[in-house]
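[1] Provide a 3D model corresponding to the input given below.
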Amino acid sequence: MKVLGIETSCDETAAAVVEDGRTILSNVVASQVDLHARYGGVVPEVASRKHLESILPVIDTALNEAGCRLSDIGAVATTMGPGLSGALLVGVNVAKAIVFAYRLPLVAVSHLEAHIYANWLRTEGTDAYEPQFPLLALVVSGGHTELVLMKGHGLYRELGRTRDDAAGEAFDKVARLLGLGFPGGPAIEKAAAGARPAVRLPRAWLPGTHDFSFSGLKTAVLRLSKEREGRALPVGEVAAAFQEAVVDVLVTKTVRAAREERAREIILAGGVAANKALRNALTDASPVPVRMPPLFLCTDNAAMVAAGGYYRLQRGETAGLDLDVMAGLGLTPSSTPLPAP
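    Just a heads-up that it's a prediction; the model follows:
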């Protein structure tokens, strides 16, 4: 079955065609990064207007690259949240128009779940390997940092989450403090390359939990800049120290949770999953295999939405034309969560 995926949760307008939940036939992304860079972050109203301009051309391109028409599509999957309400509405309403016109099933997908399902997508040159349950998913993005136990398709239990800033949000804020621009993740990674950490920045371990906290780390960088009293910060060294602290906490807590839950694998997901220091450190420290998407599938895209939608469709989970967006949506809007241990 060919599923058309639509993603407009933030500042990427994306559409993709994926077959049987795994094979990418097309994956088109129109990024707004340059548009928002001047503001140092995403402006919701600007993002929504740009989605309106881009969505239909992006869908047309995705269909053309896949060599198919809407009449060849078996279902439409769209991100319903979490994200920016105005941006989400563009994708959801276009998806509803298509399914109404072509009498297709509509599948609503959580953006967090979609990031996880990027690990099921097959790219050119890869084998037919499929992640093995039970697995532990570390989802790290601009708005979310979560540890999720997954014992089957749609069967999730949240083990830990951020109590304040998400990892990606912390990258953006610290990059702004260091004058590195937006988005912060790639900017800090580039600045830190080849640099030695100037100081050892604090880690918030939150003993007895699998939760995360990065606001104190961000504040430590701010205080460090103020202590310099006008003297320039060694940007590369501070960026390296910040990245080291984030990666240390993410990896240590993920490995500990994987051991406690006896996970067979760890999967990495979300925009921060593109960070090479994190990818290498987690692979080196993990007692079980670590799976992660290629870099182009870590950031927001519609192929991951189509993949997540396919597996929801296999469970008979479809949405109606009364579907609305949920800006604060969690991971399991309709799946049955696992009971607490």
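[2] quick one: contacts of stretch 81-92?
    Residues from elsewhere that reach stretch 81-92, judged by Cβ atoms under 8 Å, 6 or more residues apart in numbering: 6-11, 13, 42, 44-45, 47-48, 51-52, 55, 78-80, 108, 110-112, 143-144, 323-330. In this view, the C-beta of every residue, glycine as well, is placed from N, C-alpha and C.
[3] Measure how far the strand or helix carrying residue 101 is from the centre of its chain, please.
    Using DSSP states H and E, the secondary-structure element containing residue 101 is helix 85-102. Centroid separation for helix 85-102 versus its chain: 21 Å, with Cα atoms, centre = their mean, to the nearest Å.
[4] if you average pLDDT over stretch 182-194, what comes out?
    The average pLDDT for stretch 182-194 rounds to 94.
[5] Buried residues, it. List them.
    182, 183, 184, 185, 186, 187, 188, 189, 191, 192 (16 or more other Cβ atoms under 10 Å).
[6] Convert the C-alpha atoms of that stretch to PDB, please.
    Extracted in PDB, the C-alpha atoms of stretch 182-194 (Å, rounded to 0.1, in the frame of the first residue of the first chain):
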ATOM      1  CA  PHE A 182      19.900  29.500  14.300                       C
ATOM      2  CA  PRO A 183      19.300  26.500  14.200                       C
ATOM      3  CA  GLY A 184      21.500  25.900  17.200                       C
ATOM      4  CA  GLY A 185      22.200  22.200  16.900                       C
ATOM      5  CA  PRO A 186      24.300  22.200  13.700                       C
ATOM      6  CA  ALA A 187      25.900  25.500  14.700                       C
ATOM      7  CA  ILE A 188      27.100  24.200  18.100                       C
ATOM      8  CA  GLU A 189      28.300  20.900  16.500                       C
ATOM      9  CA  LYS A 190      30.300  22.800  13.900                       C
ATOM     10  CA  ALA A 191      31.800  25.200  16.500                       C
ATOM     11  CA  ALA A 192      32.700  22.300  18.800                       C
ATOM     12  CA  ALA A 193      34.400  20.300  16.100                       C
ATOM     13  CA  GLY A 194      38.100  19.900  17.100                       C
END
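[7] Just give me how far it sits from the chain centre.
    18 Å.
[8] And for stretch 173-189?
    Worked out by Cα atoms, centre = their mean, stretch 173-189 lies 18 Å from the chain centre.
[9] go on, stretch 154-170?
    For stretch 154-170, the distance to the chain centre is 11 Å (Cα atoms, centre = their mean).
[10] same check, this time on stretch 171-186
    Worked out by Cα atoms, centre = their mean, stretch 171-186 lies 18 Å from the chain centre.
[11] Show me what it is in contact with.
    Contacts of stretch 171-186 (Cβ under 8 Å, 6+ apart): 33, 36-37, 39-41, 142, 165, 168, 187-188, 191, 217-218, 221-222, 225, 233, 235, 238-239, 242, 246, 271-272, 274-275.
[12] that older thread, show only the entries of the buried residues of stretch 182-194 found in strands.
    Using DSSP state E, no member of the buried residues of stretch 182-194 sits in strands.
[13] and residue 28, what helix or strand is that in?
    Here residue 28 is assigned to strand 23-31, by DSSP H and E.
[14] Any figure for the gap between the residue most central in space within the chain and residue 202?
    In the chain, the residue lying closest to the centroid (Cα atoms, centre = their mean) is residue 270, at 2.7 Å. Residue 270 sits 23 Å away from residue 202, going by Cβ to Cβ, to the nearest Å.
[15] what are the ranges of the helices in this protein?
    33-37, 44-66, 85-102, 111-117, 167-177, 184-192, 215-227, 235-261, 276-285, 303-314 (DSSP state H).
[16] and the ones you listed as CSV, adding distance to residue 2?
    As requested, the helices of the chain are exported to CSV (distance: least, Cβ to Cβ, whole Å):
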stretch, distance to residue 2
helix 33-37, 29
helix 44-66, 7
helix 85-102, 12
helix 111-117, 16
helix 167-177, 31
helix 184-192, 32
helix 215-227, 43
helix 235-261, 34
helix 276-285, 31
helix 303-314, 9
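[17] which of these has the lowest average pLDDT?
    Minimum mean pLDDT among the helices of the chain: helix 33-37, a mean of 84.
[18] Point out the other helices and strands that it packs with.
    Other elements packing on helix 33-37 under the criterion 3 or more Cβ pairs under 8 Å, 6 or more residues apart in numbering; DSSP states H and E are helix 44-66.
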